[in-house]
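A.B. asks: Give me the fold of what follows.
(one chain, ligands or ions: 1)
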Amino acid sequence: MMEYLLDLSAWEIAEKIAKKEVSAEVVIRTVFDRIEKTEKQIGSFVHLRKENALKDALEVDRKIKNNEKIGALAGVPIAIKDNMVMKDERSNSSSKILNSYESIYNSTVVEKIKEADGIIIGTTNMDEMAMGSSTKTSFNGATKNPWDIQRVPGGSSGGSATSIAAKQVFLSLGSDTGGSIRQPASFCGVVGMKPTYGRVSRYGLMAFASSMDQIGPFSKTVKDAAFMLNVISGKDEYDATLSTREVPNYLDSIGKSISGMKIGIPKEYFIDGIQPGVKKIIEDSIELIKKMGGIIVPISLPHTKYAVATYYVIAPAEASSNLARYDGVRYGYRNKEATNIEELYSKSRTEGFGDEVKRRIIIGTYVLNAGYFEAYFKKAQKVRNLIKQDFDNVFETVDIIVTPVSPTTAFKLEDKKTLMELYLEDIFTISANLAGIPGLTVPAGLAQGLPVGIQFLAKAFDEEKLFAIGSAFELERGKFEMPIL
Ligand code: GLN
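C.D. replies: Sure thing, here's the model as predicted:
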């Protein structure tokens, strides 16, 4: 009914609601109409909470009417990934093993969104347990890319990316362990950000690889990503790895000049195998950044070539340990025929996990095995350090690193990719997780009608520079239309 609202940014809709130009209720109803119209084609969501979201909206409207104090996100419709928990609601990490799971508590990000009066619409589809880069391994079936429904949205946070691209919500959250926010953002033509490790609390995020998992925003604009990061960052006594650093106001970085900023271009990221269309857009973008006053500095990150191998030792190792809790006893799915405890574990896990999750548990258990620990896990940790040192070195001379996000545009749903090909999808995103640094994807152009994102990396806790260059680039690039659905 109020379709034009859907083209606004989260910042704009929040402003309209606060100024009483539109009620939160109308916004929520408009969003659910949109979801009804588009969801069959796209499949962004796993669980929707229409009734409760409407109740939340009425509460926001009541506060506004009574001139009570409201939070920054008052009335803004937001989606969370299916691996984040919300009290009395379902989230299942898109896995059969958690099919009946309902949370008894709020994750910290949900708590902070609620404190800011944001409205959670539901949870979004993902690769099972966040393992993958296509959203095809979800127990719920695949999500489709709004730019071409024959194609994947990327993953693992595919549904969070499509919920923005299909204009179903104004903000969403994803989690990124090896690229799961940045790669789907690139495939779907939206903004996606992985904050510094320790910036956003992981409490209530179903753990995949705890030393790399980070929650971050998806949005239409860079400003909206800063808007959301302001809300979800910082203090929380439930996550011991959280930084105690003060959270700056990230919105202050939006629109700052980047003149004189030193921009590193790592030669290892411009390799054979990048689709020519993608390469051209990244090269043109670098030219644009130069025109904007950025000083281009060729750099080298010599250990890049080991990143994928290192990640695929460390991530499965941590996953095998994290996923041990899904035993058929404590949460979710349980096999009914088992006659003893051993059988109960093994049957519940055999039936509850999909192939990719099992594969990673097996690899993880193997590399942690006493006989192989030194050869694989310990060695991977050492190489991880070298990768981190590469970044420490270059960030002594540059402010920002610019790279492609993915070597390709969104691939076809039916494409039978080999495991190796799929793992290589993450080649440009994984290093940031190994090093713990923040990364931002911004839409840069279209190659044969499909979106291509550019990646900006900065040193730990330098998100402000990412928002500065991201917003400046976005402005210079010009308007990026969403697909028509
Ligand atoms: N695609 C990577 C993987 O399969 C990254 C996943 C993620 O970031 N959660 O592990």
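
A.B. asks: separation between the residue in the stretch 301-450 of the chain that the ligand sits nearest to and D390?
C.D. replies: Closest residue of the stretch 301-450 of the chain to the ligand, CB to the nearest ligand atom: D426 (4.7 Å). All C-beta spots, glycine's among them, are computed from the backbone N, C-alpha and C. The spacing between D426 and D390, counted by CB to CB, to the nearest Å, is 17 Å.

A.B. asks: do the same with S257
C.D. replies: According to CB to CB, S257 stands 29 Å off from D390.

A.B. asks: quick one on the thing from earlier: which of D426 and D390 has more neighbours?
C.D. replies: A count of neighbours by other CB atoms under 10 Å puts D426 above the other of D426 and D390, at 24 against 21.

A.B. asks: hang on, the earlier thing: quick one: contacts for the residue of the stretch 301-450 of the chain closest to the ligand?
C.D. replies: Neighbouring residues of D426 by CB atoms under 8 Å, 6 or more residues apart in numbering: 133, 178-179, 183, 308, 311.

A.B. asks: Contacting the ligand as well, which ones from those?
C.D. replies: Among the contacts of D426, proximity to the ligand is found for 133, 178-179 (CB under 6 Å from any ligand atom).

A.B. asks: The ligand contacts on the stretch 351-485 of the chain?
C.D. replies: So the stretch 351-485 of the chain meets the ligand at D426 (CB under 6 Å from any ligand atom).

A.B. asks: how far does stretch 110-127 stretch from start to finish?
C.D. replies: In stretch 110-127, first residue to last residue: 21 Å (CA to CA, to the nearest Å).

A.B. asks: Then stretch 81-97?
C.D. replies: 17 Å.

A.B. asks: go on, stretch 474-485?
C.D. replies: Chord length of stretch 474-485, first to last residue, is 23 Å (CA to CA).

A.B. asks: next one: stretch 218-238
C.D. replies: Stretch 218-238 end-to-end distance (CA to CA) = 24 Å.

A.B. asks: correct me, but N249 touches N230?
C.D. replies: Yes: if you go by CB atoms under 8 Å, N249 and N230 touch, sitting 6.3 Å apart.

A.B. asks: So for those two, which residue has more residues nearby?
C.D. replies: N230 (20 against 10).

A.B. asks: Pretty sure V452 sits in a strand.
C.D. replies: Yes: under DSSP: H, G, I helix; E, B strand; the rest coil, V452 falls within a strand.

A.B. asks: what's near enough to touch the closest residue to T408 other than its chain neighbours?
C.D. replies: Ranked by CB to CB, 6 or more residues apart in numbering and with sequence neighbours excluded, the top spatial neighbour of T408 is Q275, at 5.2 Å. Q275 makes contact with 407-409, 447, according to CB under 8 Å, 6+ apart.

A.B. asks: Put the buried members of these into a ChimeraX selection.
C.D. replies: Remark: buried members of the contacts of Q275, expressed as a ChimeraX selection using 16 or more other CB atoms under 10 Å:
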select :407,408,409,447
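
A.B. asks: which one of the contacts of Q275 sits closest to L54?
C.D. replies: For the contacts of Q275, the residue nearest L54 by CB to CB is T409; the value is 37.5 Å.

A.B. asks: Let's verify the closest one: helix, strand, or coil?
C.D. replies: Taking three-state DSSP, the label given to T409 is coil.

A.B. asks: wait, doesn't it sit right on L450?
C.D. replies: Yes: shown here, T409 and L450 form a contact pair, counting by CB under 8 Å, at 3.9 Å.

A.B. asks: what's the overlap in contacts for the two?
C.D. replies: Counting by CB under 8 Å, 6+ apart, the residues touching both T409 and L450 are F187.

A.B. asks: Longest helix in this structure, by number of residues?
C.D. replies: In the chain, taking DSSP state H as the definition, the longest helix is helix 24-42.

A.B. asks: what does that helix contact?
C.D. replies: In contact with helix 24-42 (CB under 8 Å, 6+ apart) are residues 1-3, 5-6, 13, 17, 44-45, 48, 50, 53-54, 56-58, 60-61, 64, 74-77, 119, 121, 143-144, 146, 149, 162, 166-169, 485.

A.B. asks: Please pick the buried ones from these.
C.D. replies: When the contacts of helix 24-42 are checked for burial by 16+ other CB under 10 Å, the buried set is 5-6, 13, 17, 44-45, 48, 53-54, 56-57, 60-61, 64, 74-77, 119, 121, 143-144, 146, 162, 166-169.

A.B. asks: ok, which stretches of the chain are strands?
C.D. replies: Remark: strands assigned in the chain by DSSP state E are 45-48, 77-81, 119-124, 171-176, 191-194, 214-219, 262-266, 295-299, 400-404, 439-447, 450-457.

A.B. asks: Tell me the residues of this structure that contact the ligand?
C.D. replies: 130-133, 156, 176-180, 208, 315, 426.

A.B. asks: Packing partners of the helix or strand of the chain with the lowest mean pLDDT?
C.D. replies: In the chain, no helix or strand scores lower on mean pLDDT, DSSP states H and E than helix 419-424, which sits at a mean of 82. Applying 3 or more CB pairs under 8 Å, 6 or more residues apart in numbering; DSSP states H and E, one finds that helix 419-424 contacts helix 307-322.

A.B. asks: re the thing from before, can you pull the buried residues of the longest helix of the chain?
C.D. replies: 24-32, 34-35, 38-39, 42.

A.B. asks: Of these, which is the nearest to R384?
C.D. replies: So of the buried residues of helix 24-42, ranked by how close each gets to R384 (CB to CB), first place is I42, at 36.4 Å.

A.B. asks: Contact partners for G159?
C.D. replies: 43-46, 79, 81-82, 124-126, 135, 143, 153.

A.B. asks: Buried subset of the residues you listed as a ChimeraX selection?
C.D. replies: Filtering the contacts of G159 down to the buried ones (16+ other CB under 10 Å) takes a single ChimeraX command:
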select :43,44,45,46,79,81,82,124,125,126,135,143,153
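
A.B. asks: re earlier: tell me the pLDDT of the residue of the stretch 301-450 of the chain closest to the ligand.
C.D. replies: pLDDT recorded at D426 is 90.
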